[in-house]
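**Q** what's the 3D shape of this:
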Amino acid sequence: MEDLRSMGSVTGPFAKENLVCQYIANMVNSKGVFLGDDPFEFSLPMLLAQGVLVLLLSRTIYYFLKPLRQGINSAHIIAGIIIGPSILGKDGAYVKKLFPPEATFILETVANSGVMLHLFLQGLQMDPMIIRRAGKNAFLIGVLGFILPYGLGALAFIIIDNLQILDKKLQVSIPFMVALNSMTSFVAVTSLLNDLKILNSELGRLATQTSMVTDFCSWFVATTMNTVAIATQNSGRTSLWSVIWLLLYFFSIVFVLRPLVIWISKQTPEGEHMDEVLFFVVVVMINVCALCSEVLGQHALVGPLALGMALPDGPPIGTIILRKFETMVTSLLLPMFFTLSGSKTILSLLGKGMFPFSAEFILILGYVGKFTGTLVPAIFSGVPMGDSLCLALIMCCKGIIDVATYSLWKDSKLLGNQSYTLLMINMLIVTGVCRLMVSYLYDPANSYMSYSRRISMCPKHDNLEFRILLCIHNEDNVPAIISLLEASHATKGSPISIISLCLMELIGSSSSVLETYDPKKKLTPGASNVGPIINAFNKYEHHNHGRVTVHQFTAIAPYSSMHTDICAIAQEMRTNIIIVPFHKRLAFGGTEEGAISTSIKTVNLNVIEKAPCSVGILLDRGHIGRHRSFVAGHSLYHIALLFLGGADDREALLYSRRMAEHPKIKLTVVWFRPCGEEQTYTKEIDEYLDKKLINEFKADAEGKFDYKEEIVKDGEETTQVIRSMEEGFDLFIAGRRHDESQVTLGLNEWHENAELGLIGDLLTGSDFQFSVLVVQQQPFGLGMQDLSLNLQHTNDDEGRDSMGGTHDFWDYEDGAKDGKLGSWIGRN
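**A** Next comes the predicted model:
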């Protein structure tokens with residue numbers, strides 16, 4: 001087959017380029033080795049072999065880089081360096097077999113198609129209106145974070161140019177290196193924040209806004225420079241027409257293509273899928289925009305990116321398009337682009353001549369300018385020192401836009417091989433170090449993990465609100481939660497403040513949302529389906545006027561970091577307890593209804609671990625929410641509290657005590673006690689606290705509940721007692737955590753749901769028909785001690801809250817009581 005292919009040099013648009021002449025008849029598919037064909041002589045088997053090598057090698061490298069908090073794109077680039085001329089490419093036989101020039105052209109075409117689609121998706125997830133919502137701090141940090149590295153880099157270039165004679169090619173490359181080094185891509189920053197699971201944190205929101213400002217500055221400067229370059233290379237009339245046609249092109253994307261896509265989405269009847277029609281239209285638009293970009297002298301990536309930014313992000317359009325494209329693009333096509341970009345680096349060039357040292361000095365000075373230009377204004381704007389440091393590190397990171405620009409300018413001969421290699425290696429090192437440092441230095445939980453135990457449950461002082469944060473994922477959660485609120489017994493003397501938080505997954509957008517409900521404003525487009533939930537709680541507040549106040553919020557965030565918004569609002573609003581729904585929907589008899597949401601389970605586990613207050617997990621089987629309201633009915637609502645002892649069970653008892661005040665609730669407290677177990681010091685303290693709280697409960701709520709003790713030998717007898725109670729109760733309440741004892745002996749052998757604890761997991765069995773509420777006392781923060789251990793050293797009347805605990809009161813003199821969030825949410 002060798003005589004069918006030849007290669008030589010021709011004059012390209014920028015410089016000499018390789019030209020491959022190949023006889024194309026029957027050169028796509030191989031007939032197989034048994035008929036004498038070499039599969040590597042044909043384009044399709046060659047492309048498949050290259051794809052397999054790229055994916056396997058990059059994933060293997062990522063396996064070792066992941067513990068260092070490195071991104072998958074870094075692994076792709078390193079794989080490219082290994083495949084390229086720096087390592088494996090030194091072997092001529094390897095290059096001739098797997099990466100000959102004629103096969104590389106095909107792979108580059110596929111890779112460029114992948115990055116074109118990826119930039120479209122990234123543009124689709126961008127909300128340009130972020131720049132309008134950015135505050136003065138974000139503008140100041142973003143502008144200085146762009147100007148200072150550009151200015152320092154340019155100053156270093158001028159000094160070096162005066163000190164030594166630079167080659168003309170280097171004089172062209174270095175200004176572009178300075179410009180590239182001063183950029184911070186919005187796409188790169190949001191991808192980094194999402195990888196580190198801090199996109200919806202306070203730092204994440206500030207970094208998102210700042211990177212959008214910096215990106216705007218970068219595009220403005222790049223567009224201006226490109227227009228000037230066109231004007232200087234052509235006649236004035238030609239330059240004017242090129243600019244006019246380019247403006248008309250962008251105008252048609254915004255005012256023709258965008259309305260067309262929105263119109264198609266609105267024509268689809270409610271309940272029917274528009275996936276196929278919308279997908280077809282968008283694919284055609286992407287290709288047309290890429291083609292028009294090439295015709296107008298722009299790169300093919302410009303059109304799809306502009307189209308993506310023009311289309312509305314989030315559901316329904318953004319969500320549908322993202323689900324169609326994302327897996328194929330990010331998992332298959334994009335790795336090829338990054339690997340090819342890495343394969344263009346030549347490490348051996350870094351040791352030749354003085355240029356690498358001069359250019360490295362300029363790049364380092366640019367990174368110093370970027371770091372300083374972000375850190376100083378951030379501190380000046382009042383951002384804490386630790387957050388300012390992390391923000392500066394984040395703004396030094398690079399991503400897909402930067403790599404695509406490097407490759408584009410290298411192909412255009414604006415960057416030489418040395419310059420390109422130096423930029424890629426610097427990007428790998430700086431981004432890798434910054435990612436690792438940010439993951440180590442910044443944890444959103446540090447801002448709301450408490451260092452001392454705070455007031456927990458159900459204070460009954462006059463006019464002291466009991467604050468409940470309700471996490472709602474869909475309308476099905478509402479009936480059970482409202483019934484639980486009714487059971488919580490709001491009165492004018494002991495009112496309830498409800499903080500309703502509607503939670504939605506962030507899909508089709510790169511900007512998280514955390515906003516309070518304002519009846520005068522329209523709902524966020526991605527949160528339009530929360531209307532019925534908001535109406536339900538408004539009616540509940542109106543029905544319980546004077547006893548209940550409702551504050552409603554909406555959070556749109558990735559499931560992996562959704563707990564950050566939950567815990568932050570709980571901290572700001574000073575809530576007593578967070579109520580989250582169980583991730584499974586169970587009907588009568590334990591049968592499952594609908595799909596199991598493992599993502600919601602992840603949210604619940606994170607909340608349990610990091611909440612700044614107590615947490616309750618509600619499992620509704622219909623008794624509590626869907627089939628009857630005990631307030632409207634005539635019969636009593638029967639609640640059983642399973643008390644095994646410990647901090648969580650005491651917390652559950654405090655909540656149950658409030659419920660016992662309700663005239664239509666009959667509470668039964670069952671204390672499971674071990675038979676003849678020898679007590680350690682810690683267990684003696686817990687036993688003392690348990691008895692003390694039970695005795696106070698008996699004294700305060702005499703005649704309002706039934707009480708009995710059960711002596712059990714092991715978990716089997718505990719289970720038997722619970723089974724004997726299942727017919728007579730609508731709701732069971734239990735604590736989550738229990739130390740190993742005779743009461744729970746053997747139960748951990750079939751423990752399935754860790755977030756419910758041993759007893760809570762037992763109550764989810766398919767034999768039971770009642771609903772379940774599992775309560776956990778506020779988790780311990782760093783250096784935190786359980787104040788109950790010091791109870792024996794304190795006076796019974798000092799430091800005790802109204803429910804019999806020994807918790808410190810929060811200061812309620814803040815804006816949270818009237819629904820106004822503090823500076824954390826106010827800045828967003």
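**Q** Enumerate every residue touching Pro85.
**A** By CB atoms under 8 Å, 6 or more residues apart in numbering, the contact list for Pro85 reads Ser343, Ile346. To be clear about C-beta, it is placed using only N, CA and C from the backbone, and glycine gets the same treatment.
**Q** hey, where'd the helices end up in the stretch 501-650 of the chain?
**A** 531-543, 562-572, 598-610, 647-660 (DSSP state H, counting those that start in this stretch).
**Q** Can you show me the CA trace of the last one as PDB?
**A** This means helix 647-660. Taking C-alpha atoms only, helix 647-660 is exported to PDB below (Å, rounded to 0.1, in the frame of the first residue of the first chain):
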ATOM      1  CA  ALA A 647     -27.600  12.400  72.700                       C
ATOM      2  CA  ASP A 648     -29.800  11.700  69.600                       C
ATOM      3  CA  ASP A 649     -32.500  10.000  71.500                       C
ATOM      4  CA  ARG A 650     -32.600  12.900  74.000                       C
ATOM      5  CA  GLU A 651     -33.000  15.200  71.000                       C
ATOM      6  CA  ALA A 652     -35.800  13.100  69.700                       C
ATOM      7  CA  LEU A 653     -37.500  13.200  73.100                       C
ATOM      8  CA  LEU A 654     -37.300  17.000  73.100                       C
ATOM      9  CA  TYR A 655     -39.100  17.200  69.800                       C
ATOM     10  CA  SER A 656     -41.700  14.600  70.900                       C
ATOM     11  CA  ARG A 657     -42.300  16.600  74.000                       C
ATOM     12  CA  ARG A 658     -43.400  19.600  71.900                       C
ATOM     13  CA  MET A 659     -45.700  17.300  69.900                       C
ATOM     14  CA  ALA A 660     -47.200  15.900  73.100                       C
END
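**Q** How about that helix, which residues are buried there?
**A** Going by neighbour count (16 or more other CB atoms under 10 Å), the buried part of helix 647-660 is 647-660.
**Q** Check the gap between Ile759 and Leu644 for me.
**A** 7 Å (CB to CB, to the nearest Å).
**Q** Name the residues contacting each of the two.
**A** Common neighbours of Ile759 and Leu644 (CB under 8 Å, 6+ apart) are Ala734, Gly735, His738, Thr744.
**Q** thinking again about what came up before, out of the helices of the stretch 501-650 of the chain, nearest to Thr339?
**A** helix 598-610 (30.8 Å; CB to CB).
**Q** Adding mean pLDDT and distance to Lys266 as columns, could you present the helices of the stretch 501-650 of the chain in a markdown table?
**A** What follows is the helices of the stretch 501-650 of the chain, written out as a markdown table (pLDDT from 0 to 100; distance: least, CB to CB, whole Å):
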| stretch | mean pLDDT | distance to Lys266 |
| --- | --- | --- |
| helix 531-543 | 89 | 18 |
| helix 562-572 | 90 | 30 |
| helix 598-610 | 90 | 29 |
| helix 647-660 | 89 | 47 |
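**Q** Of the ones you listed, give the one that comes closest to Asp91.
**A** Between Asp91 and those, the tightest spacing by CB to CB is seen for helix 598-610, at 45.7 Å.
**Q** Could you check the angle that closest one makes with helix 562-572?
**A** On the basis of axes from the mean of the first three to the mean of the last three CA atoms, to 10 degrees, helix 598-610 is oriented at 40 degrees to helix 562-572.
**Q** What is helix 598-610 packed up against?
**A** helix 562-572, strand 577-581, strand 614-619 (3 or more CB pairs under 8 Å, 6 or more residues apart in numbering; DSSP states H and E).
**Q** what about 6 Å?
**A** Judged by 3 or more CB pairs under 6 Å, 6 or more residues apart in numbering; DSSP states H and E, helix 598-610 is in contact with helix 562-572.
**Q** residues making contact with the helix it packs on?
**A** The contact list for helix 562-572, computed with CB atoms under 6 Å, 6 or more residues apart in numbering, reads 200-201, 444, 448, 469, 471, 514, 555, 557, 578, 603, 606-607, 610-613, 821-822.
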